[in-house]
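A.B. asks: coords please:
(one chain, ligands or ions: 1)
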Amino acid sequence: MNFKKDFVWGTATSSYQIEGGAQEDGKGLSIWDVFAREGGRTFEGHTGEVACDHYHRMKEDVALLGELGVKAYRFSISWPRIFPKGFGSLNEKGLKFYSDLVDELLKYGITPYVTLYHWDYPNDLEMQGGWLNPASPEWFASYAETVAKALGDRVKHFFTFNEPQIFTWLGYDKCTHAPGIKYPAERLLLMCRHIALAHGRAVQEIREWVTDSRVGYAPTCGNAYWPVDETDELINAARRLQNSFGIEDWIHSSAFWNELFLKGTFHEQSKELFGPLLPVITEEEQKLISQPLDFCGMNLYQGTSVSFDSQGKLLLGKLPVGHGKTGMGWPITPKAMYWAVRNFYETYRLPVIITENGMSALDVVSLDGGVHDPGRIDYLHRYLKELERAIIDGVDVTGYFLWSFMDNFEWEKGYDDRFGIVFVDYKNQTRIPKDSFYWYRDLIKEKIQ
Ligand code: GCO
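C.D. replies: Next up, the predicted model:
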């Protein structure tokens, strides 16, 4: 594989999924703390109260990142750890945790990439309407300003939001994620407008307080359609599907959110679908939302295959019997990586960073004490080869963050699924690097020579 020498090889986690310390040192409750505590919302009632206890094991974990040899580490900041009530009084101890984390990373020559929002919204603000409240963009701006001022001397890379299409869709439509409140379309659209304004305001604050900042956001490529045979007809069909959506999947589609965040407008189809329900975005708001970004993240795990049946009719998601799957039953579809990044780049001409890619597996500690995960190594190898193919074909991909550094709280699935290249024994919080950890370490070493 020939990636450029300065390609950013990294790995990623998120605050609620690894930190624990749910109310430690003054941290306020997040909507996930409340949601998971309800019981019945997550696998066997699992919560992030302790998670991987990263809040107390940060130095040990960063030392492991140093052994892995990554050039960068993508982590998120828990907003209610900084502002326990989401707004107003600052929790200095919470801020200090992240400042110490950044210092520890820099000691190992690891560049911090900070995600401001990875779903752990302050519960006190949710009680005031959350993203539906017209004040929500300013709440987020104030949080972003505080983080930028406190860490901006050492942190230069920021993502405003992780997967807006997921936390809105699962949190306020499917209700399998926090806060699990079902909203009708007009409220969801109003929420999208506020989230987009919040993104714009956060970009403004970061640019103001971190002059040499590089900013983006990290969407999932929820509907990565890919052609089984790379004929013009199927390629065009896949691209059409990728750049559009139906009434059912509008909020889950990357097309809806990329148009909103990158152009500051609702996708052209939105008027057909929603008519007068569509909130107005003024010209001034459009400019605020769509300030130029330096890169766009992309969380890519799987995609929907596009093929023709014997009668020449489009078939979506039809894979051969016995097609490979991950531990969570997601189909292994490396070509989705190639076509998702190529379609995005040819549509928006913005450098891409793969902000998440990886797979869950039913990993166990073997009799020899190791954790052997050949399936994960094969998955990573295949997806990286497709990413390299896209780079060779002209796509500007500047980095890759493997999801995830360590096994962690997989939202409604709790700890039942393991995405890490480091095994976490939750009984005693032991960390055991898996075979994939050593494979990735050696790959990085080879690439940066
Ligand atoms: C997501 C989130 C991660 C998940 C990971 C595995 O993409 O859903 O960003 O927090 O844990 O993707 O599902």
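A.B. asks: list the contacts of stretch 391-402.
C.D. replies: Counting contacts by C-beta atoms under 8 Å, 6 or more residues apart in numbering, the residues outside stretch 391-402 that touch it are 2-3, 7-12, 72, 74, 113, 295, 341-342, 345-346, 351-358, 380, 384, 387, 390, 421, 440. To be clear about C-beta, it is placed using only N, CA and C from the backbone, and glycine gets the same treatment.
A.B. asks: so which bits of the stretch 101-250 of the chain are right by the ligand?
C.D. replies: Taking C-beta under 6 Å from any ligand atom as the measure of proximity, the stretch 101-250 of the chain contacts the ligand at Asn162, Glu163, Ile166, Thr220.
A.B. asks: so which of the residues you listed wins on neighbours?
C.D. replies: Highest neighbour count within those: Glu163, with 26 neighbours (other C-beta atoms under 10 Å).
A.B. asks: ok and the residue in the stretch 251-400 of the chain nearest the ligand?
C.D. replies: Of all residues in the stretch 251-400 of the chain, Asn299 sits closest to the ligand, with a separation of 4.4 Å (C-beta to the nearest ligand atom).
A.B. asks: make sure that residue is actually in contact with Cys221.
C.D. replies: Yes: counting by C-beta atoms under 8 Å, Asn299 touches Cys221, with 6.8 Å between them.
A.B. asks: so those two - more neighbours on which side?
C.D. replies: Taking other C-beta under 10 Å, Asn299 and Cys221 do not tie; Cys221 has more neighbours (28 against 22).
A.B. asks: could you list the low-confidence segments of the stretch 201-350 of the chain?
C.D. replies: 222 (pLDDT under 70).
A.B. asks: would you map the helices across it?
C.D. replies: With helices called from DSSP state H, counting those that start in this stretch, the stretch 201-350 of the chain shows them at 232-242, 254-258, 268-274, 283-289, 334-348.
A.B. asks: closest to Gly369 out of those helices?
C.D. replies: Between Gly369 and the helices of the stretch 201-350 of the chain, the shortest gap by C-beta to C-beta is with helix 334-348, which sits at 31.1 Å.
A.B. asks: before we move on, the earlier item: okay, and the beta partners of the residue of the stretch 251-400 of the chain closest to the ligand?
C.D. replies: Per DSSP bridges, the residues bridged to Asn299 are Thr220, Glu356.
A.B. asks: quick one: contacts for it?
C.D. replies: Asn299 sits next to Asn162, Glu163, Ala218, Pro219, Thr220, Cys221, Ile354, Thr355, Glu356, Asn357, Trp403 when contact means C-beta under 8 Å, 6+ apart.
A.B. asks: go with 6 Å
C.D. replies: Shown in contact with Asn299 (C-beta atoms under 6 Å, 6 or more residues apart in numbering): Thr220, Thr355, Glu356.
A.B. asks: equivalent analysis for Phe419, please.
C.D. replies: The contact partners of Phe419, by C-beta under 6 Å, 6+ apart, come to Gly358, Ser360, Trp403, Ser404.
A.B. asks: the third one against Glu356, yeah?
C.D. replies: Yes: under the contact definition of C-beta atoms under 6 Å, Trp403 touches Glu356, with a separation of 3.9 Å.
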